[in-house]
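> sequence and predicted structure are below.
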Amino acid sequence: MAASTFTAPIFHVKPAVSVPKFTTSRIRTRPQTTKVKVLAPFAALSDPFVLQIAETLEDSLASTSASPPPPPLLQKLRDASSESLLSTPWPSRKDEPFRFTDTSFIKLSQIEPILSPPQSLDSLAVSSDSNLPSLVIVDGYHINSLSRIDELPSGVFVGGLSSLGSEAIMKRVSEFVASFEGDLFCSLNGVGAPDLIVVYVPEECRVEKHLHLKYYSIEGADSGSNKLPVSNPRVIVLVEKGGEIGLIEEYVGDNGEKCYWSNSVTEVVVGEGAKVSHSYIQNQSLNAAHIKWTSVRQESTSTYELTEVSTGGKLSRHNLHVQQVGPDTVTELSTFHLSASDQIQDLHSRLVLDHPRGFSRQLHKCIVAHSMGQAVFDGNIKVNRYAQQTDAGQLTRSLLLEPRASVNVKPNLQIIADDVKCSHGAAISDLEENQLFYFQARGVDLETARKALIFSFGAEVMERLPYSFLRKKFEGQIKELIDPSPPTPPPLYR
């Protein structure tokens, strides 16, 4: 068995740390954007690098904005995000949430906001292998000409906030925008998002086909360059009482070797008795940084299902926060990560249960197939006092296939209620010898046996993707990443 290193699971809760709070701030404003200008008493708490990025993002939006000012709701998001950055430092390895995640790749780069979508989209290979309604986002900008949303049911809205004409929908969306607390990267997204993409499903409306959100990253610097173009797409999904929709978020790097930073945020609100099936697929350039925030709010008797497959990015981090705010709520989370190069694949999840009879299942699987590859899992499930009769389960399993490959797992189960059924587990290993022997005893050579077992390890998650064309597409990509060598041609003569 190959020698591997890993950090053992941690099963304790850190004591809270008291942080000083300020109730007032001074922010210099101009007509369309809020300028992050630090004055006392924030000077002692502010991070110059963070403020420089925020100011660069604001300047880029001001220089490219059309004559009409941004919608008030978008301005509200930018103002709230700007204020939070006044006292938010850049994360380091000394901070517990980033203890195993090195973000110096971003900090040491020259960050440049992408000012507009590319002028020519001829080189963009937009997938047409399905008849699903789709919305295309290129470098953080919604592209109407490439989107197909005509077949959606009446009352469903999909598009930018700037094109939302319904005051009723605008009022509902305003109740949830900027309502959750994220981290530095979430706030930077709020400052730099060129628009807010809204997906709205009215009461008792069922969208039969999944909505395919396609994120393309085209603008990028050459490998080895110090420049790092950044995009900030932001989406809010609001499903009213009894509604149902399926979402597919697919992130693709058009230029496989380019360097860029995709900094994305998705907010999901699942109303009473509603259901959201969410597929999140990340296949960015292996030289890119991909940081994703997903915040989910579930009301009573609602269902949220997430299937995540992440194989790309030099630095890939997914922050997933789910809160059940009503009883009889169902949450199912399934994740597969693959580090086939010198990558970091990181999942930080938090699930909060506050009401009776909540149900949750979380499955996390990852493969580290490179000696410089890393994987991180920090999963926290908190069962609060009134969440009686909760049924919560969490399992993380990891394969280390090379010497010096590493994975750090920290499953956390915090239980305050006394009438619950909860469990969690963690397993880290190479392939088991008895499994390989089972294949060899039936005439299968060792190399073929290893490939079959490696692929089947992730298939448990990939088979939960909603459509066969997606499963086949990413099965092929994963096979190529695990075994990049071309197949041996068949012999000419037998």
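Sure thing, it's come through.

> for the record, mean pLDDT for whatever helix or strand residue 77 lives in?
Assigned by DSSP states H and E, residue 77 belongs to helix 72-84. Helix 72-84 shows a mean pLDDT of 92.

> with only the CA atoms kept, save that helix in CSV.
Written as CSV, here are the backbone C-alpha positions of helix 72-84 (Å, rounded to 0.1, in the frame of the first residue of the first chain):
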residue,chain,number,x,y,z
PRO,A,72,-31.8,49.6,-5.8
LEU,A,73,-31.7,46.0,-4.8
LEU,A,74,-28.3,45.4,-6.5
GLN,A,75,-27.0,48.6,-5.0
LYS,A,76,-28.2,47.4,-1.5
LEU,A,77,-26.1,44.2,-2.1
ARG,A,78,-23.1,46.2,-3.1
ASP,A,79,-23.4,48.5,-0.1
ALA,A,80,-23.8,45.7,2.4
SER,A,81,-20.8,43.8,0.9
SER,A,82,-18.6,46.9,0.9
GLU,A,83,-19.3,47.6,4.6
SER,A,84,-18.5,44.0,5.6
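
> contacting residues around the following helix or strand past that helix?
As assigned by DSSP H and E, the chain's next helix or strand after helix 72-84 is helix 104-107. Defining contact as C-beta atoms under 8 Å, 6 or more residues apart in numbering, one finds that helix 104-107 is touched by 49, 90, 228, 261, 289, 314, 315. (Each C-beta comes from the backbone N, C-alpha and C, glycine too.)

> who's in contact with the fourth one?
Pointing back at residue 261 there. Contact partners of residue 261, counting by C-beta under 8 Å, 6+ apart, are 106, 109, 111, 228, 229, 230, 231, 288, 289, 290, 291.

> again with the second one
Contacts here follow C-beta under 8 Å, 6+ apart; on that basis residue 90 touches 47, 49, 50, 103, 107, 184.

> redo these as JSON lines? Include distance to residue 176 and pLDDT.
Output for the contacts of residue 90, formatted as JSON lines (distance: C-beta to C-beta, whole Å; pLDDT from 0 to 100):
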{"residue": "47", "distance to residue 176": "28", "pLDDT": "88"}
{"residue": "49", "distance to residue 176": "30", "pLDDT": "92"}
{"residue": "50", "distance to residue 176": "25", "pLDDT": "93"}
{"residue": "103", "distance to residue 176": "28", "pLDDT": "94"}
{"residue": "107", "distance to residue 176": "31", "pLDDT": "93"}
{"residue": "184", "distance to residue 176": "21", "pLDDT": "94"}
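
> which two from these end up farthest apart in space?
Pairwise distances across those (C-beta to C-beta) peak at 12.7 Å, for the pair 47 and 103.

> just the buried ones from the contacts of residue 90?
Buried members of the contacts of residue 90, scored by 16 or more other C-beta atoms under 10 Å, are 47, 50, 103, 184.

> turn those into a markdown table, columns for distance to residue 435 and secondary structure.
Listed next are those as a markdown table, based on distance: C-beta to C-beta, whole Å; DSSP: H, G, I helix; E, B strand; the rest coil:
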| residue | distance to residue 435 | secondary structure |
| --- | --- | --- |
| 47 | 49 | coil |
| 50 | 48 | helix |
| 103 | 37 | coil |
| 184 | 43 | helix |
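
> and of those residues, the nearest to residue 69?
residue 50 (25.6 Å).

> so who does that closest one touch?
By C-beta under 8 Å, 6+ apart, the contact set of residue 50 is 85, 88, 89, 90, 184, 188.

> which pair of these spans the longest distance?
89 and 188 (12.7 Å).

> of the two, who's got more company?
residue 188 (26 against 14; other C-beta atoms under 10 Å).

> so what are the sheet partners of the helix or strand where residue 279 lies and their directions?
Using DSSP H and E, residue 279 sits within strand 275-283. If you go by DSSP bridges, strand 275-283 pairs up with strand 244-253 (parallel), strand 303-310 (parallel).

> after that strand, next one along is what?
strand 289-298.

> now do stretch 230-238, average pLDDT.
pLDDT averaged over stretch 230-238 gives 97.

> now the end-to-end length of that stretch.
Its start and end residues considered, stretch 230-238 measures 27 Å (C-alpha to C-alpha, to the nearest Å).

> for the nearest residue to residue 150 once chain neighbours are set aside, give me its contacts.
Excluding the flanking residues, the one nearest residue 150 by C-beta to C-beta, 6 or more residues apart in numbering is residue 133, at 7.7 Å. Residues near residue 133 by C-beta under 8 Å, 6+ apart: 148, 149, 150, 151, 152, 158, 209, 211, 212.

> please report the distance of the third one from residue 211.
For residue 150, the distance to residue 211 under the criterion C-beta to C-beta, to the nearest Å works out to 12 Å.

> the strands in the stretch 301-450 of the chain, which residues?
Under the criterion DSSP state E, counting those that start in this stretch, the stretch 301-450 of the chain contains strands at 303-310, 315-324, 330-339, 344-353, 359-368, 374-383, 390-400, 406-415, 420-429.

> could you check the angle the third one makes with strand 275-283?
Think strand 330-339. 10 degrees (axes from the mean of the first three to the mean of the last three C-alpha atoms, to 10 degrees).

> cool, the last one as well?
Put simply, strand 420-429 runs at 20 degrees to strand 275-283, going by the same axes, to 10 degrees.

> tell me where the stretch 101-250 of the chain is predicted with low confidence.
Where the stretch 101-250 of the chain drops to pLDDT under 70, the residues are 122-130.

> same thing but 80
The model of the stretch 101-250 of the chain has pLDDT under 80 over residues 118-130, 180, 224.

> quick check: end-to-end length of stretch 279-287?
Chord length of stretch 279-287, first to last residue, is 23 Å (C-alpha to C-alpha).

> how far away is the residue nearest to residue 47 when sequence neighbours are not counted from residue 56?
The shortest distance from residue 47 to any non-neighbouring residue, by C-beta to C-beta, 6+ apart, is to residue 89 (4.2 Å). To residue 56, residue 89 is 17 Å away according to C-beta to C-beta.

> a markdown table please, covering the buried ones among the contacts of residue 90 and showing distance to residue 193.
Rendered in a markdown table, the data for those read as follows (distance: C-beta to C-beta, whole Å):
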| residue | distance to residue 193 |
| --- | --- |
| 47 | 21 |
| 50 | 17 |
| 103 | 20 |
| 184 | 15 |
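
> neighbours of the nearest residue to residue 258 once chain neighbours are set aside, how many?
Once flanking residues are discounted, residue 258 sits nearest to residue 220: 2.8 Å by C-beta to C-beta, 6+ apart. When neighbours are defined as other C-beta under 10 Å, residue 220 has 24 of them.
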